[in-house]
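Peer 1: Turn this into a model:
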Amino acid sequence: MQRRFLILLFSLFVLGALTACGSQSKEDVVKKLEKQSEEMAGYKTEANMKMRTGKEEQKYNIQVWHKKDDFYRVKLQNDQDEKGSQIILKNDSGVYVLTPALNKSFKFQSEWPQNTSQPYLYASLLNDIKADPDAEFNASENYFVFKTKTNYQNNKTLPFQEIYFDKKTYHPVMVKVFDQDMNSLVEVQFANFSKDDSMKKEDFDVDKNMAMAPTEAPVANMEGEELEEVLYPQETFGAELADEREVKTEDGKRFIMTYAGDKDFTLVQEKAEVQAASAQYSVQVNGEPVQLWDGVFAAFEHNRLEWNHNGTTYQLASNELTQDEMVAVASSINTAAMVK
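Peer 2: Take a look at the predicted model:
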């Protein structure tokens, strides 16, 4: 009897040990994520992103291509933007923000995407996990879940995120980004994440991606249009609209709004000009690509912010506002429209 009891006790001990070995720690999972990142020659994935950072929810369809070591192609298509998508490229020459429908691009010498959180990039998610010594970890039936701090350079209102990885494949499944009160304001759902070693450097070429313009949007009917709606910022940091002018240009109208207060700024809006395919318009920027709170990428240089959205070109300039404050003003512009 005693022998049988000892055998049973030993069997339970072994079973418990095996069960314990089967549960993985945070360190174990991070190592496997790192190993997967190191072994991948590249990957492709699609994602849907919902952003509730303004009064209206913004939805993006995202396509990501990554080739080791530092080649990226991120296509963002806003379902409310009828004038085309943005493509963010990183290749041997630099970082580019392309608007194919306008045949226009900005070029940067930038550390993007290493210098800021990007909820749709595998390496960025892994970097955020590794950078947070207090990252929380748990495992559900199907997912490994990390709760970490974020590293958004121009948006301190989104300090936390939850990152979900599939337990079998270690592929990203979902990311939720939260405000201080743990309200989920950004949600990314991944689909069709797959390793891919077939991509070439040419896939990340600016000219090749610009050539997609005819399929991006009906650019022809943008020619000759005038700006019909003027948008006003909801965030002004106490400044008030002091002057508003309408200036006629060769291509239509330009609206110039001057705000005065403790922190003055000027906002310019005009219909985006579509460049001819034979005259691609490229701007070298001695600054950084910054992402507005509605997902649109802008170019920041010397206290000036420029971006294109839904067929309109915006410029915001100020000697008093900080870069973060300029991003906040710009991000608030698309929340309400007034017909001019």
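Peer 1: List the residues that contact V175.
Peer 2: Going by CB atoms under 8 Å, 6 or more residues apart in numbering, V175 touches 119-120, 125, 161-164, 186-188. For every residue, glycine as well, the C-beta is placed using N, CA and C.
Peer 1: how about 10 Å then?
Peer 2: Counting by CB atoms under 10 Å, 6 or more residues apart in numbering, V175 touches 47, 49, 117-120, 124-125, 128, 146, 150, 161-164, 186-190.
Peer 1: Mark which of the residues you listed are part of helices, please.
Peer 2: Secondary structure defined by DSSP state H assigns 124-125, 128 of those to helices.
Peer 1: Please identify, among the residues you listed, the one with the most neighbours.
Peer 2: With neighbours taken as other CB atoms under 10 Å, the top of the ones in helices among the contacts of V175 is L125, carrying 24 neighbours.
Peer 1: Touching, that one and D132? I think so.
Peer 2: No - using CB atoms under 10 Å, L125 is not in contact with D132; the gap is 11.4 Å.
Peer 1: Touching both of the two, which residues are there?
Peer 2: Contacts common to L125 and D132, judged by CB under 10 Å, 6+ apart, are 146, 148, 161.
Peer 1: Which secondary structure state does Q114 sit in?
Peer 2: coil (DSSP: H, G, I helix; E, B strand; the rest coil).
Peer 1: one step back: tell me which of the shared contacts of L125 and D132 is nearest to L76?
Peer 2: Of all these, L76 sits closest to Q161, with 18.6 Å by CB to CB.
Peer 1: How about the closest one: what's its closest non-neighbour residue?
Peer 2: V177 (4.7 Å; CB to CB, 6 or more residues apart in numbering).
Peer 1: does the one you found have beta-bridge partners, and which?
Peer 2: In this entry, V177 is beta-bridged to Q161, V186, by DSSP bridges.
Peer 1: what sits against it?
Peer 2: With CB under 10 Å, 6+ apart, V177 has these contacts: 49, 51, 53, 117, 119, 150, 152, 155, 158-163, 183-188.
Peer 1: In contact with I333, which residues?
Peer 2: Shown in contact with I333 (CB under 10 Å, 6+ apart): 54, 231-235, 267, 269, 292, 294, 307, 309, 312, 314, 316.
Peer 1: if you set the cut-off to 7 Å instead, what comes out?
Peer 2: By CB atoms under 7 Å, 6 or more residues apart in numbering, I333 lies in contact with 231, 233, 314.
Peer 1: Need the three-state assignment for it.
Peer 2: Here I333 is recorded as helix under three-state DSSP.
Peer 1: what sits against A123?
Peer 2: S37.
Peer 1: Distance check, it against N115.
Peer 2: 12 Å (CB to CB, to the nearest Å).
Peer 1: thinking again about what came up before, state the pLDDT value of the residue nearest to Q161.
Peer 2: pLDDT for V177: 97.
Peer 1: do the same with the one 4 residues further on
Peer 2: Among the per-residue scores, D181 holds a pLDDT of 96.
Peer 1: Also G261?
Peer 2: G261 is assigned a pLDDT of 95 by the prediction.
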